[in-house]
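*Asks:* Let me see the structure of the following:
(chains A and B)
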Number of protein chains: 2
Amino acid sequence: MKLVQLQNVTFIEGGVCAAKGFRANGVQCGLAHKPLGEMDEANAAANNALPSAKKKNDLALIVADNDCNVAAVYTTNKVKGAPIIVTKEHIKDGKARAVIVNSVNANTCNPDGVEKATKMCQLAANTLGIDENDVVVASTGVIGQVLPIEPIANAMDELAGGLAYDGNKKALEAIMTTDTREKEIAVKFEMGGKNCTLGGMLKGSGMIHPNMATTLTFLTTDADISSEMIQAALVDTLNRVSVDGDTSTNDMVLIMASGAAGNSPVTSKDAEYAKFKHALYAVMMNLARLMARDGEGATKLIECAVRGAETGEIAEKVAKSIVGSSLIKAMIFGEDANAGRIFCALGYSDADFDISNVDVEMASDNGLVIQLGHKGNVVEFSEAIAKKILKEEEIKILVSLGNGEGKAIAWGCDLTYDYVKINGDYRS
Amino acid sequence: MKLVQLQNVTFIEGGVCAAKGFRANGVQCGLAHKPLGEMDEANAAANNALPSAKKKNDLALIVADNDCNVAAVYTTNKVKGAPIIVTKEHIKDGKARAVIVNSVNANTCNPDGVEKATKMCQLAANTLGIDENDVVVASTGVIGQVLPIEPIANAMDELAGGLAYDGNKKALEAIMTTDTREKEIAVKFEMGGKNCTLGGMLKGSGMIHPNMATTLTFLTTDADISSEMIQAALVDTLNRVSVDGDTSTNDMVLIMASGAAGNSPVTSKDAEYAKFKHALYAVMMNLARLMARDGEGATKLIECAVRGAETGEIAEKVAKSIVGSSLIKAMIFGEDANAGRIFCALGYSDADFDISNVDVEMASDNGLVIQLGHKGNVVEFSEAIAKKILKEEEIKILVSLGNGEGKAIAWGCDLTYDYVKINGDYRS
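*Replies:* The predicted structure follows:
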């Protein structure tokens, strides 16, 4: 899938290691995928039959050469993973040096979750010779299974020993779960007359209600920017980048800023801050598109752009209602232009607007556009052109509410047989 | 699937014709399933390949011997089908005599929708020799296709001529769309010393976001009760009966009361009113279960009973969050006891409670129960017993929020390959 280009930023390789001063690594420490209950024969067989995709790196480490300013945004789910509780505590001073992440086990809804998450930080800190309060911890995987700490402890020397300034792919592999594609983006941009870099990696799948599919995003930058300004840019950007579905228990987006680019520190919302935010949007927006497209079993990307809303919030609600509708997702998979389903999803979105002002169009990335609805009614349209658009990998649904200046974009994917297969499988 | 028995009501046959004084009929008038756009070769082929299930009765009539007190509840979708606009107007005096319903075409998002819905009432009124304002109209089917009135006009004589006191099945067939099972329930109960009957039919499928799957429910009773008290009982009952998913544009629940049972009229919330409400609950609750179980492609019924909530509204939100979670639905289809998914769905429900007080159990209809979570943590459980429960057709998820007296039950179905197949198909 093509990256969406923006002015004043250049895409580069390197992911979470693209910025100056960050090393990373990933290893397979062997966090087995075992159910909590009694291990009867059926379970043992199921474990042995695990796809080879699960036999992959499962533990990652990202380490900065020096202390970094950091900021993070966490899940809004009332059930919060233990790693989130520990990370919040460790970065309340706005500083961190390293991130340790495991997949396979979410370390959530366990009585000893905080203890184990703290232990992971201690193991990383001891091995790296840093303070445990400068270590961020994150986990993704099955909820409600006690996390075995031994495999992690045993792997620490190998993990730290292999840290490299080009270790981004190894770390990325370690955080992936149901992901079928690598998701990492990095950009170069100018700030305060200096060449800066911002990049990182994401694991997670856009899909209908990805309530188990934790989204983890780790970004690094060599820009010099305060943790308060990173936080502000992060919150603003996440409001503009919507992917279908709900929040998981362990969701986390973290940015570490090393300051190695040598720009004069950004500490207020000035013109330099705007450049940082623009670069962050370029990275997060493209990661969101990759994530939506990588929805479990997905074959197509759906982009819904809503304009003419009274507020941006209304536009966002409508856009998310459309990309989150399982009937629209199934219709995109089936390549059927059922305009009624779009109006219906518009109608049940929890947002206020006058349906009789609403226009709807469908478009492809290569310039084909047809009108499906006008002033709240479905209109006659060319089924032949609709079919052509629906054959594309990226389908755009354009909604005009005719009621103001608010706008928003959200991304989602189609709903396919494979979604059901993946999520009906044993303890995925 | 078994009916859930309640005290003081007896299930009987007859559906919408069970109560004294109601005739019904259904015919195939030939509302073709044609896309609005140009009829190219591919479309023509698709039309010709329509499954035989669509070549069924598509027009129904229900007629009371005398004027009835009526009440109705409609969709909350901002996009409202034209038939709803006309019906609201026709029953604002609390009276009606007949109901005309078509399937195949929803007559919604069309510029001439209200005109066509009014015309349907006029056709029925003229044929029956009654006032058009005493006719209720409803439609279900594809949104955004102009409704041809000729097939309906041409069928009126046959439709009215075939009206019978046992015509309930013919009418039921005419309102079904993606339904795979007939859904009709009737009960006998005592009120004011008289034998009363309440019964009716429902079309609709519980499923994830059934945004196109209009739910239509038509109930008839020979009880003598005012339209205000019918309305009150209906609103109270619908608050207790939740099925997963959102509201469609054309949803309607209508009750007609003929008074032929001869009880003294119920005009206030007295003990006799309570008996009516109980009978209504018995009918609606069982219809809801049938509807949830008939979710598109469904193989199992999921019942989520939440207790210990601070309010009934919180309990309902939690119960709906769980039966609406596509990951829980897929896990029930896959017969996998993934307790973490239940906690995750609890956590993102838009309801306020303390997760550290939450207990979760899973049970079968035949008495097997296992605890999956305690005080917010997943606990060890027997995978063998879990498997036995999950092999059943009806799975109960029992949640205790440990925070009050509020409770609610919601029903849903599993998510299967067939759901995707049905909804990915051409213009379903």
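*Asks:* Now do the strand or helix carrying residue A:237: distance to the chain's middle.
*Replies:* With secondary structure defined by DSSP states H and E, residue A:237 is part of helix A:227-240. The gap between the average C-alpha position of helix A:227-240 and the chain average comes to 15 Å, counting by C-alpha atoms, centre = their mean, to the nearest Å.
*Asks:* After it, heading C-terminal, what element do we hit next?
*Replies:* Sequence-wise, the next helix or strand downstream of helix A:227-240 (DSSP H and E) is strand A:242-243.
*Asks:* who's in contact with that next one?
*Replies:* With contacts defined as C-beta atoms under 8 Å, 6 or more residues apart in numbering or on different chains, strand A:242-243 is touched by A:206, A:288, A:291-292, A:316, A:319-320, A:323, A:408-412. Glycine gets a C-beta too; all of them are placed from N, C-alpha and C.
*Asks:* Go again with 6 Å.
*Replies:* Contacts with strand A:242-243, where a contact means C-beta atoms under 6 Å, 6 or more residues apart in numbering or on different chains, come from A:206, A:288, A:291, A:292, A:316, A:320, A:410, A:411.
*Asks:* For beta bridges, what are the partners of the nearest residue to residue A:72 once chain neighbours are set aside?
*Replies:* Spatially, and ignoring its direct neighbours in sequence, residue A:72 is nearest to residue A:254 (4.4 Å; C-beta to C-beta, 6 or more residues apart in numbering or on different chains). Residues in a beta bridge with residue A:254, per DSSP bridges, are residue A:72, residue A:218.
*Asks:* ok, back up a step: what comes up buried for the helix holding residue A:237?
*Replies:* Of the residues in helix A:227-240, those buried by neighbour count under the rule 16 or more other C-beta atoms under 10 Å in any protein chain shown are A:227, A:229, A:230, A:231, A:232, A:233, A:234, A:237, A:238, A:240.
*Asks:* swap in stretch A:79-94?
*Replies:* In stretch A:79-94, the ones that count as buried by 16+ other C-beta under 10 Å are A:79, A:80, A:81, A:82, A:83, A:84, A:85, A:86, A:87, A:90, A:91.
*Asks:* average pLDDT across that stretch?
*Replies:* For stretch A:79-94, mean pLDDT rounds to 96.
*Asks:* Off-centre distance for it?
*Replies:* Mean C-alpha position of stretch A:79-94 versus that of the full chain (C-alpha atoms, centre = their mean) differs by 18 Å.
*Asks:* Also stretch A:128-137?
*Replies:* Shown here is stretch A:128-137, whose average C-alpha point lies 24 Å from the average C-alpha point of the whole chain (C-alpha atoms, centre = their mean).
*Asks:* And for stretch A:260-271?
*Replies:* For stretch A:260-271, the distance from its own C-alpha centre to the chain's C-alpha centre is 26 Å (C-alpha atoms, centre = their mean).
*Asks:* From the opening residue of it to its closing one, how far?
*Replies:* From its first residue to its last, stretch A:260-271 covers 20 Å (C-alpha to C-alpha, to the nearest Å).
*Asks:* Residues contacting it, please?
*Replies:* In this structure, residues lying in contact with stretch A:260-271 by C-beta under 6 Å, 6+ apart are A:20-21, A:191-192, A:194, A:196, A:222-226, A:229, A:272-273.
*Asks:* switch to 8 Å and redo it
*Replies:* The list of residues contacting stretch A:260-271 from outside it, by C-beta under 8 Å, 6+ apart, reads A:19-21, A:65-66, A:191-197, A:221-226, A:228-229, A:232, A:259, A:272-273, A:276.
*Asks:* if I look at the residue nearest to residue A:72, how far off is chain B?
*Replies:* Look at residue A:254 and chain B: by C-beta to the nearest C-beta, to the nearest Å, they are 21 Å apart.
*Asks:* That residue contacts residue A:100, doesn't it?
*Replies:* No - under the criterion of C-beta atoms under 8 Å, residue A:254 is not in contact with residue A:100, lying 11.9 Å apart.
*Asks:* what is in contact with the two at once?
*Replies:* Overlap between the neighbourhoods of residue A:254 and residue A:100 consists of A:136, A:138, taking contacts as C-beta under 8 Å, 6+ apart.
*Asks:* May I see the buried residues of stretch A:79-94 organised as a markdown table, with secondary structure added?
*Replies:* Formatted as a markdown table, those follow (DSSP: H, G, I helix; E, B strand; the rest coil):
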| residue | secondary structure |
| --- | --- |
| A:79 | coil |
| A:80 | coil |
| A:81 | coil |
| A:82 | helix |
| A:83 | helix |
| A:84 | helix |
| A:85 | helix |
| A:86 | helix |
| A:87 | helix |
| A:90 | helix |
| A:91 | coil |
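*Asks:* The residues you listed also near chain B: which ones?
*Replies:* Here is what survives when the buried residues of stretch A:79-94 are matched to chain B using C-beta under 8 Å from any C-beta of the partner chain: A:79, A:80.
*Asks:* May I ask which helix or strand encompasses residue A:220?
*Replies:* Secondary structure from DSSP H and E places residue A:220 in strand A:216-221.
*Asks:* could you give the mean pLDDT of that strand?
*Replies:* Confidence for strand A:216-221, expressed as mean pLDDT, is 97.
*Asks:* could you check the angle helix A:227-240 makes with that strand?
*Replies:* Computed by axes from the mean of the first three to the mean of the last three C-alpha atoms, to 10 degrees, the angle separating strand A:216-221 from helix A:227-240 equals 130 degrees.
*Asks:* Name the residues linked to residue A:186 by a beta bridge.
*Replies:* On DSSP bridges, the residues paired with residue A:186 through beta bridges are residue A:12, residue A:199.
*Asks:* Isn't it up against residue A:283?
*Replies:* Yes - contact criterion C-beta under 8 Å: residue A:186 and residue A:283 qualify, at 7.2 Å.
*Asks:* Mind giving me the packing neighbours of the helix holding residue A:237?
*Replies:* Using 3 or more C-beta pairs under 8 Å, 6 or more residues apart in numbering or on different chains; DSSP states H and E as the contact criterion, the neighbours of helix A:227-240 among helices and strands are strand A:59-74, strand A:252-257, helix A:271-293.
*Asks:* gap between the residue located most distally from the centre of chain A and residue B:145?
*Replies:* Here chain A has its C-alpha centre computed as a mean, and the residue farthest from that point, by C-alpha atoms, centre = their mean, is residue A:380 with 38.1 Å. Shown here: residue A:380 relative to residue B:145, a distance of 10 Å by C-beta to C-beta, to the nearest Å.
*Asks:* Same question for residue A:357.
*Replies:* With distances defined as C-beta to C-beta, the gap from residue A:357 to residue B:145 amounts to 22 Å.
*Asks:* Those two - which one has more neighbours?
*Replies:* Taking other C-beta atoms under 10 Å in any protein chain shown, residue A:357 and residue B:145 do not tie; residue B:145 has more neighbours (26 against 13).
*Asks:* Tell me the secondary structure at the more buried one.
*Replies:* Using three-state DSSP as the criterion, the local structure at residue B:145 reads coil.
*Asks:* what does the stretch 201-350 of chain A put close to chain B?
*Replies:* Counting by C-beta under 8 Å from any C-beta, the residues of the stretch 201-350 of chain A lying close to chain B are A:208-212, A:246-249, A:324-327, A:330-331, A:333-334, A:336-341, A:343-349.
*Asks:* Could you pull out the helices in the stretch 51-200 of chain A for me?
*Replies:* Taking DSSP state H, counting those that start in this stretch as the criterion, the stretch 51-200 of chain A contains helices spanning A:82-90, A:113-128, A:150-161, A:168-175.
*Asks:* should've said the stretch 251-400 of chain A
*Replies:* Counting by DSSP H, counting those that start in this stretch, the stretch 251-400 of chain A has these helices, from start to end: A:271-293, A:312-323, A:326-333, A:339-348, A:383-390.
*Asks:* Right, I'll leave it there.
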